[in-house]
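> only the shape, not the letters, is given here:
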């Protein structure tokens, strides 16, 4: 069976969930071979093996942390040369897409980004994408070279599939030309204790109707009662009420959770582009005419400052 | 020595319009108004600020697209860019990201550059890979997804707000930069700027001028193929209730029914 390279997204060996989803999708088109760059490969290999990685290729070099993107492309290319895979899969993070793009140029292959599903086809993997603010669904494939495909978080449920997960060292030479962009300083983001926005199963977002940074705790309290991530619309972010890293929409993050709750968000096309693929959509808004109500499975026309706290209390009561 | 800045811009269908596909499954551009991609306005703005901070700099705006794409160039010129380059060729219809990056890279090399500035993504395709593709093709550093950018002493520096960390980046010129919508509001063209733009030179280039073969671009030359495009079925109308004191509780019951609680 053909091998499929899966690029591992991790924080110091702690494998992030989108990678486990990738392994699940990879098994539909071949045998997953994971590529782990950086420290603590042994820890990662255990988890990767439990989710179907037959092999884990690993390399650690200081250049991965000292320079932007390009050294990781060198490493992934070494893995590509070693394996000659049927496809290369990466998570659709900012960095994942950039690595994918540069690898595609180097190996003369086509690239598909932001797939929401993947299946085997007669002429190679077929990727489903959601386009034009999720108003269309397309099926695409790479027609030249080895398909390089990035997949959005929450595109598949990670499945356990015990495999060997044998660790093999990958010989990597970082080219001088890959040391062009120096990372002078890195400040890790302070953890909020909440799930990461793009990976969360439930997202609660606040918009213009939240009417001030001082009111965002109302949104946060609901999110915490549900174990959800907190998002914000562009209006709320531009007003300085919530950080840009939480912005959901075309110019922010694209989310696809099981449940999306929009509070005080009217539903401009730019916001819809970032959340319309959510499985279940709920909105709370004073304005019965707000376009967000066209998308909802359940909507409440009312003041979020009445509805949200009451919902939070009811959730807490049910959870005991 | 003048600082040569090239800004790559894209002419995109208006996102508030009714976007759809043509019969060959390329984006239908005939039925929807086009405009300069909003995210590219931020790139033009940052280029203008870099020029204002430099002793001597010149900004060329570059686009690849059909005749109408000239509108995107004019908008950038009216904001204050100095000249335009428009790559237009019938063989370009249906070109994908890899093909576009090839054409842009050749046009950038032909124009001459010290710094290439791009938006973080287009507002139509939205792949966000073009700056990285260009850096790879031009073999220069990529300094991408910047919320702050500055150029001084032959170096570009910037701040990248990543998924898990914020990074300060630094690279020597020449380099490819991309900026986010957090980099700073784009200015509105003044009346004077709009009038001046009409007189600014726009060079027109074809594939022959760039030594790009027709089979490397267009629908036939694309590295990817779209086999199917289906309109998402309209969502079945959801339940909408008016809050008369019980809205929160009713919503909790709905969520419990869906097993979210």
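Received, thanks. Every value quoted in this text rests on a predicted model; they were computed, and no experiment measured them.
> name the element residue B:40 belongs to?
helix B:38-53 (DSSP states H and E).
> report pLDDT for residue B:186.
Looking at residue B:186, its pLDDT reads 96.
> for the helix holding residue B:40, name the packing helices and strands.
Contacts defined by 3 or more C-beta pairs under 8 Å, 6 or more residues apart in numbering or on different chains; DSSP states H and E place helix B:38-53 against strand B:3-8, strand B:57-64, helix B:70-79, strand B:115-119, strand B:142-152, strand B:175-179. Placement of C-beta: from N, CA and C, glycine included.
> would you list the ones you listed in a markdown table and tack on mean pLDDT, distance to chain A and mean neighbour count?
Output for the helices and strands packed on helix B:38-53, formatted as a markdown table (pLDDT from 0 to 100; distance: least, C-beta to the nearest C-beta, whole Å; neighbours: other C-beta atoms under 10 Å in any protein chain shown):
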| stretch | mean pLDDT | distance to chain A | mean neighbour count |
| --- | --- | --- | --- |
| strand B:3-8 | 98 | 15 | 24 |
| strand B:57-64 | 98 | 17 | 24 |
| helix B:70-79 | 97 | 18 | 23 |
| strand B:115-119 | 98 | 10 | 29 |
| strand B:142-152 | 97 | 5 | 22 |
| strand B:175-179 | 98 | 7 | 29 |
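> which one of these lies nearest to residue B:233?
Among the helices and strands packed on helix B:38-53, the nearest to residue B:233 by C-beta to C-beta is strand B:115-119 (32.1 Å).
> what is the next helix-or-strand element following that closest one packed up against?
Counting by DSSP H and E, the next helix or strand C-terminal to strand B:115-119 is helix B:130-138. Packed against helix B:130-138 by the contact rule (3+ C-beta pairs under 8 Å, 6+ apart) you find helix A:94-107, helix B:97-111, strand B:115-119, strand B:142-152, strand B:175-179.
> tell me who's in contact with the residue positioned nearest the centre of chain B.
The residue lying closest to the centre of chain B (C-alpha atoms, centre = their mean) is residue B:122, at 3.9 Å. If a contact means C-beta atoms under 8 Å, 6 or more residues apart in numbering or on different chains, then residue B:122 has B:10, B:12, B:37, B:39, B:40, B:130 as its contacts.
> among these, which pair sits farthest apart?
B:12 and B:130 (12.8 Å).
> the nearest residue to residue B:101 once chain neighbours are set aside: neighbouring residues, count only.
Nearest non-adjacent residue to residue B:101, counting by C-beta to C-beta, 6 or more residues apart in numbering or on different chains: residue B:133, 3.6 Å away. Neighbourhood size, residue B:133 [other C-beta atoms under 10 Å in any protein chain shown]: 26.
> now the one 3 residues further on
The number of residues packed around residue B:136, counting by other C-beta under 10 Å, is 24.
> wait, it touches residue A:99, no?
No: the pair residue B:136 / residue A:99 is not scored as a contact, 10.4 Å apart, by C-beta atoms under 8 Å.
> need the overlap of contacts for those two.
residue A:73.
> for chain B, what's the nearest residue on the stretch 1-150 of chain A?
Going by C-beta to the nearest C-beta, chain B is nearest to residue A:110 of the stretch 1-150 of chain A, at 2.9 Å.
> re earlier: quick one, which of the helices and strands packed on helix B:38-53 is nearest to residue A:159?
Shortest separation from residue A:159 across the helices and strands packed on helix B:38-53 is recorded for strand B:142-152, at 32.2 Å, computed as C-beta to C-beta.
> got any ranges where chain B has weak pLDDT?
B:1 (pLDDT under 70).
> need the residues of the stretch 201-320 of chain A near chain B, please.
Proximity of the stretch 201-320 of chain A to chain B, by C-beta under 8 Å from any C-beta of the partner chain, involves residues A:202, A:226, A:244-245, A:250-251, A:258-259, A:269-270, A:273, A:280-282, A:284, A:288, A:293-303, A:306-315, A:318-319.
> quick one: which of the residues you listed sit in helices?
Of these, the ones assigned to helices by DSSP state H are A:226, A:269-270, A:273, A:306-315, A:318-319.
> now do the same for whichever residue of the stretch 151-300 of chain A sits closest to chain B: its pLDDT.
Nearest residue of the stretch 151-300 of chain A to chain B (C-beta to the nearest C-beta) works out as residue A:180 at 3.0 Å. Note on residue A:180: pLDDT of 98.
> related to what we said a few turns ago, is it possible to export the helices and strands packed on helix B:38-53 to a markdown table including distance to residue B:186?
As requested, these are exported to a markdown table (distance: least, C-beta to C-beta, whole Å):
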| stretch | distance to residue B:186 |
| --- | --- |
| strand B:3-8 | 12 |
| strand B:57-64 | 13 |
| helix B:70-79 | 7 |
| strand B:115-119 | 10 |
| strand B:142-152 | 14 |
| strand B:175-179 | 10 |
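> closest one to residue B:252 among these?
strand B:142-152 (38.4 Å).
> all strands of the stretch 1-150 of chain A, in order?
A:3-7, A:10-11, A:14-15, A:31-37, A:55-59, A:87-91, A:111-119, A:126-131, A:136-142, A:148-151 (DSSP state E, counting those that start in this stretch).
> deepest-packed of those, please.
Of all the strands of the stretch 1-150 of chain A, strand A:148-151 carries the top mean neighbour count, a mean of 30, counting by mean count of other C-beta atoms under 10 Å in any protein chain shown.
> touching chain B at all, that one?
No: Strand A:148-151 does not reach chain B (C-beta under 8 Å from any C-beta); its nearest approach is 8.7 Å.
> so which elements touch that strand?
helix A:17-26, strand A:87-91, helix A:94-107, strand A:111-119.
> next, the angle from the first one to strand A:31-37.
Using axes from the mean of the first three to the mean of the last three C-alpha atoms, to 10 degrees, one finds that helix A:17-26 and strand A:31-37 are set 150 degrees apart in direction.
> over to the second one?
Counting by the same axes, to 10 degrees, strand A:87-91 points 50 degrees away from the direction of strand A:31-37.
> so what strands line up beside strand A:87-91?
If you go by DSSP bridges, strand A:87-91 pairs up with strand A:3-7 (parallel), strand A:148-151 (parallel).
> which residues sit in contact with residue B:59?
Counted by C-beta under 8 Å, 6+ apart, residue B:59 has contacts B:5, B:6, B:7, B:44, B:47, B:48, B:51, B:80, B:81, B:82, B:83.
> quick check: bridge partners of it?
residue B:5.
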